[in-house]
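Engineer: need the 3D shape of this:
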Amino acid sequence: MNPFSRRSALLAWLALSLAGGVWLFGQRLAELNTRFYQDTSITHRLLSQRATQHEAVLATLALEAAPREPARLLAGLQPALPGLVALGRIQHGVWRGSAAPPPGLAAAVHRASTLRHPVALPAEQARYWLVDGQGQALLIDADRLLAPDEWPAALGNLTLQLPQGRVALLHRQPNAPRFGWPQAVDKPLGAKSQPFPLQSRHEVGLAEWPWGRFALWAVLAALLVGALYGWRQGRANAARERERARLARVARLNTLGEMAAGLAHELNQPLTAILAHVRAAERLLDDEDERDTVRQALQTSAAQARRAADIIARLRALVEPGARTRAEPVDVDALLGSLRFLLGPELAERRIALSWHDESEATRPLADPVALEQIVHNLLGNAIEALLGAPGERRITVSARRDADRYRLSVADNGPGIPPEHLPHLFEPFFTTRDGGLGLGLPLCETLAGAMDGRLTAANAPAGGACFTLSLPLAKGAQ
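Structural biologist: Model (predicted):
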């Protein structure tokens, strides 16, 4: 590798500073834009709520059988509606209100009755009247719709288009800053009777840009380039060391594979011996009084010894290059029956109900029986662990269904479920939330599923609890 020249180091520093500056300024602009649009949206929602509340007040007043005095009504409503200045109504052709009636009131009442919703009439300054078809009227001050502490900090200038013209509700930027970045939102209020256009404007000035972070980044970039420049003579050696480290990692992985294969070979011998001795003991116990019970126990032990040997053989196959899985139509009913027998005492002790629902239209999956049994056994074991300490009824539901040309087998429980932050990491090796767990069970199940052209996924059920789904190809012609 050729070392940096001073010119190259300077160009690299300029490029890094420029790239970092573009990213920092872009991030800051995105942050300011998000804040501006969120604060404008909050303000729009608050103003729309106030406008809707005005409509609700009119509708409530119209239902009163015996109208109260306007002054008393106003005093009771103003704490909840600070923008309400006055109110009144036409009663038997006579105006009764806390302020003088607005000009054009009769025409507004007629128009509101025709439109079947209140209408707005202009008033002085930032005020307007809201009139309904029954002669009810509210005088509203737009400047007082929100309290001073309710205006979000990211807003600059805010105007509302009232019937008499545009009114400034907020005026924090009387003069646009030089070299400013404009932000703008135009949106009408969400009230049928007061769809006044709301206009929000703000200019991002130079003072709001992240100059301090940019200066810090430039200094860090200079230190980085200087370090690279100072280490120009050692880069080639560092690259060689990295290559040696990479080769060492590959060698360790190969050694790990050989060790796993050797371990599988060594474990097979004692397992075979266990199987032979159990068979011999079974033949020698024919004359014992409890021979049937002992024979059943020994048969179960023999079956589990064979199963352990098959699992070890499967683990060995996973580390042997070119090894293939043995795929055949699998009777899932029989497989679940075997696992139910195996886990029966543990389920009974922990008061867990295990149910099996087969909706697969009598089809069978194409899979390796040993691998499939290992996956389902692991999922059931995880479900049992998840239900420990769970209150109320404890259930594990195993179900199967046909989905086009796939066989889907699900194991669900009604436990606490999987935290959302853990879902993306469930199938990562050595990731575990269980005390004393190794974090290898689910990654191994995923590997076994992939070797059978299958896929294992995890999710939280809508009703609560975790649900693992294994998708496998269908066995052709299997019924």
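Engineer: per-residue confidence at Gln49?
Structural biologist: What the model reports for Gln49 is a pLDDT of 92.
Engineer: secondary structure element for it?
Structural biologist: Gln49 is part of helix 6-62, with elements assigned from DSSP states H and E.
Engineer: go on, Pro195?
Structural biologist: Using DSSP H and E, Pro195 maps to neither a helix nor a strand.
Engineer: check the offset of the helix holding Gln49 from the chain's centre.
Structural biologist: What separates the centre of helix 6-62 from the centre of its chain is 23 Å, taken as Cα atoms, centre = their mean, to the nearest Å.
Engineer: who are the packing partners of it?
Structural biologist: Applying 3 or more Cβ pairs under 8 Å, 6 or more residues apart in numbering; DSSP states H and E, one finds that helix 6-62 contacts strand 84-91, strand 127-131, strand 136-141, strand 181-188, strand 197-204, helix 211-230. For every residue, glycine as well, the C-beta is placed using N, CA and C.
Engineer: mean confidence for the following helix or strand past it?
Structural biologist: For helix 6-62, the following helix or strand on the C-terminal side (DSSP H and E) is helix 70-77. Helix 70-77 shows a mean pLDDT of 87 in the predicted model.
Engineer: possible to save the helices and strands packed on helix 6-62 as JSON lines with mean neighbour count?
Structural biologist: Shown next, in JSON lines, are these (neighbours: other Cβ atoms under 10 Å):
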{"stretch": "strand 84-91", "mean neighbour count": "21"}
{"stretch": "strand 127-131", "mean neighbour count": "25"}
{"stretch": "strand 136-141", "mean neighbour count": "24"}
{"stretch": "strand 181-188", "mean neighbour count": "14"}
{"stretch": "strand 197-204", "mean neighbour count": "20"}
{"stretch": "helix 211-230", "mean neighbour count": "14"}
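Engineer: give me the low-pLDDT residue ranges for this structure?
Structural biologist: Filtered on pLDDT under 70, the chain yields the residue ranges 1-5, 65, 232-277, 279-301, 303-304, 307-308, 311-325, 435-438, 477-479.
Engineer: next up, the contacts around the most centrally placed residue in it.
Structural biologist: For the chain, the residue sitting closest to the mean C-alpha position, by Cα atoms, centre = their mean, is Pro420 at 6.6 Å. Counting by Cβ atoms under 8 Å, 6 or more residues apart in numbering, Pro420 touches Asn460.
Engineer: if we use 7 Å, what do you get?
Structural biologist: By Cβ atoms under 7 Å, 6 or more residues apart in numbering, Pro420 lies in contact with nothing.
Engineer: in which helix or strand would I find Ala108?
Structural biologist: Counting by DSSP H and E, Ala108 is part of helix 105-115.
Engineer: partner strands of the helix or strand following that helix, with direction?
Structural biologist: Following helix 105-115 in sequence order, the next helix or strand is strand 119-122 (DSSP H and E). Within its sheet, strand 119-122 is paired with strand 127-131 (antiparallel), according to DSSP bridges.
Engineer: how many residues are close by His92?
Structural biologist: Residue neighbour count, defined by other Cβ atoms under 10 Å, stands at 6 for His92.
Engineer: begin at 26, not 1, for the rest of this chat.
Structural biologist: Got it, the first residue is 26 from now on, which makes the last one we talked about His117.
Engineer: so what are the domain limits for this structure?
Structural biologist: Using automatic domain parsing, the domain parsing of the chain gives 62-195+213-220, 263-344, 353-498.
Engineer: if we can go back for a sec, now render the helices and strands packed on helix 31-87 as CSV, adding distance to Leu88.
Structural biologist: Formatted as CSV, those follow (distance: least, Cβ to Cβ, whole Å):
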stretch, distance to Leu88
strand 109-116, 13
strand 152-156, 17
strand 161-166, 10
strand 206-213, 28
strand 222-229, 30
helix 236-255, 59
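Engineer: which of the ones you listed sits closest to Arg419?
Structural biologist: Among those, the nearest to Arg419 by Cβ to Cβ is strand 206-213 (51.8 Å).
Engineer: could you dump the closest one to CSV, C-alpha only?
Structural biologist: The C-alpha trace of strand 206-213 is given here as CSV (Å, rounded to 0.1, in the frame of the first residue of the first chain):
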residue,chain,number,x,y,z
TRP,A,206,-34.7,27.7,5.1
PRO,A,207,-38.5,28.1,4.7
GLN,A,208,-41.1,25.8,6.4
ALA,A,209,-44.7,26.1,5.5
VAL,A,210,-48.0,24.4,6.2
ASP,A,211,-51.5,25.4,5.0
LYS,A,212,-54.5,23.5,6.4
PRO,A,213,-58.1,24.4,7.1
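Engineer: show me what it is packed against.
Structural biologist: Packing partners of strand 206-213 (3 or more Cβ pairs under 7 Å, 6 or more residues apart in numbering; DSSP states H and E): helix 31-87, strand 222-229.
Engineer: redo those as JSON lines? Include distance to Val395.
Structural biologist: Compiled in JSON lines, those are given as follows (distance: least, Cβ to Cβ, whole Å):
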{"stretch": "helix 31-87", "distance to Val395": "52"}
{"stretch": "strand 222-229", "distance to Val395": "64"}
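Engineer: which residues of the stretch 376-504 of the chain fall in helices?
Structural biologist: Under the criterion DSSP state H, counting those that start in this stretch, the stretch 376-504 of the chain contains helices at 394-412, 466-476.
Engineer: can I get stretch 433-443 as PDB, trimmed to CA atoms?
Structural biologist: Written as PDB, here are the backbone C-alpha positions of stretch 433-443 (Å, rounded to 0.1, in the frame of the first residue of the first chain):
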ATOM      1  CA  ARG A 433     -48.100 -25.100   8.400                       C
ATOM      2  CA  LEU A 434     -47.600 -26.400  11.900                       C
ATOM      3  CA  SER A 435     -48.100 -23.900  14.800                       C
ATOM      4  CA  VAL A 436     -47.300 -24.100  18.500                       C
ATOM      5  CA  ALA A 437     -49.000 -21.400  20.500                       C
ATOM      6  CA  ASP A 438     -49.300 -20.700  24.200                       C
ATOM      7  CA  ASN A 439     -51.300 -18.200  26.300                       C
ATOM      8  CA  GLY A 440     -48.300 -17.000  28.300                       C
ATOM      9  CA  PRO A 441     -46.900 -13.500  28.500                       C
ATOM     10  CA  GLY A 442     -45.600 -13.500  24.900                       C
ATOM     11  CA  ILE A 443     -42.300 -12.300  23.500                       C
END
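Engineer: quick one: the helix holding Gln74 to helix 95-102, angle?
Structural biologist: For helix 31-87 against helix 95-102, the angle by axes from the mean of the first three to the mean of the last three Cα atoms, to 10 degrees is 140 degrees.
Engineer: okay, now Phe61: neighbour count?
Structural biologist: 21.
Engineer: for it, which residues are in contact?
Structural biologist: The neighbours of Phe61, taking Cβ under 7 Å, 6+ apart as the test, are 179, 208, 227.
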